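Novice: next one to model:
(one chain, ligands or ions: 2)
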Amino acid sequence: MSKNPFLFNTHDLPRRAGEMREYELTIDSHEALGFEVLAIAADEPIDIDLRIESVAEGVLATATIRTQASGECGRCLDPVFYDVDETFQELYEYVEDPRQARKKNKPGKAGHKRAQKSEEDDLDEDLVRQMDGELIDLDGPIRDAIILNLPINPLCSADCPGLCPDCGIKWIELPEEHEHAPADIRWAGLENWKTSTAEGGPTGA
Ligand SMILES: [Zn+2]
Ligand SMILES: [Zn+2]
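Specialist: Ligands and ions are numbered 1, 2, ... in the order given. Below is the predicted model of the structure:
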């Protein structure tokens, strides 16, 4: 399924400025969106309240996106969930002549452009979004609205104390006086160094 699930057909919108249509869409199959630590899973439904309006230059799309990102706490690795609720507005210009469309998109790069990932297109601020016949491609704006607003370092709670670096157990589950004996193999070298510096030989703890 290489079909872009975010392509939307504006066929039902009359091409008269001022006309408007509203839709409630749910996209439940798409590629994962986000980062390794926090992402909208590929099968996580994305709800879209979409309003499209006819304006002089094309179709103005206004959308609210609701979905849920899941990942893990950057400190204790517990699962975290993050509610996404974002809005965007995007103008898609009419293209009267498809040959014009190709000219308008970045001259010289048009040939390569098609094969490139849409993320790159989104970074190009000069790019005017255009209609593809009656289709508008919501992929870029949806991606931006979601990814640009996801926390990069998700936490289960702002004051999550994380894990003990020695045993990997959550601090929250450990007794207050929890510490590791110097005999712990990872600390043994350091302990010896400390005591030998102070007294010229290991003394034990
Ligand atoms: Zn945590
Ligand atoms: Zn520990």
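
Novice: write out the residues of the chain neighbouring ligand 2.
Specialist: Residues of the chain lying close to ligand 2 (CB under 5 Å from the ion) are 164, 166-167. (C-beta placed from N, C-alpha, C; glycine too.)

Novice: please narrow those to those residing in strands.
Specialist: The strands, defined by DSSP state E, take in nothing from these.

Novice: tell me where the chain has strands.
Specialist: Taking DSSP E as the test, the strands found in the chain are 7-9, 20-27, 33-34, 38-40, 46-54, 58-72, 79-93, 135-137.

Novice: okay, the ones you listed in JSON lines with mean pLDDT, distance to residue 151 and mean neighbour count next?
Specialist: Output for these, formatted as JSON lines (pLDDT from 0 to 100; distance: least, CB to CB, whole Å; neighbours: other CB atoms under 10 Å):
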{"stretch": "strand 7-9", "mean pLDDT": "97", "distance to residue 151": "28", "mean neighbour count": "15"}
{"stretch": "strand 20-27", "mean pLDDT": "98", "distance to residue 151": "22", "mean neighbour count": "12"}
{"stretch": "strand 33-34", "mean pLDDT": "96", "distance to residue 151": "10", "mean neighbour count": "21"}
{"stretch": "strand 38-40", "mean pLDDT": "97", "distance to residue 151": "7", "mean neighbour count": "22"}
{"stretch": "strand 46-54", "mean pLDDT": "98", "distance to residue 151": "18", "mean neighbour count": "18"}
{"stretch": "strand 58-72", "mean pLDDT": "97", "distance to residue 151": "9", "mean neighbour count": "19"}
{"stretch": "strand 79-93", "mean pLDDT": "96", "distance to residue 151": "7", "mean neighbour count": "15"}
{"stretch": "strand 135-137", "mean pLDDT": "96", "distance to residue 151": "27", "mean neighbour count": "20"}
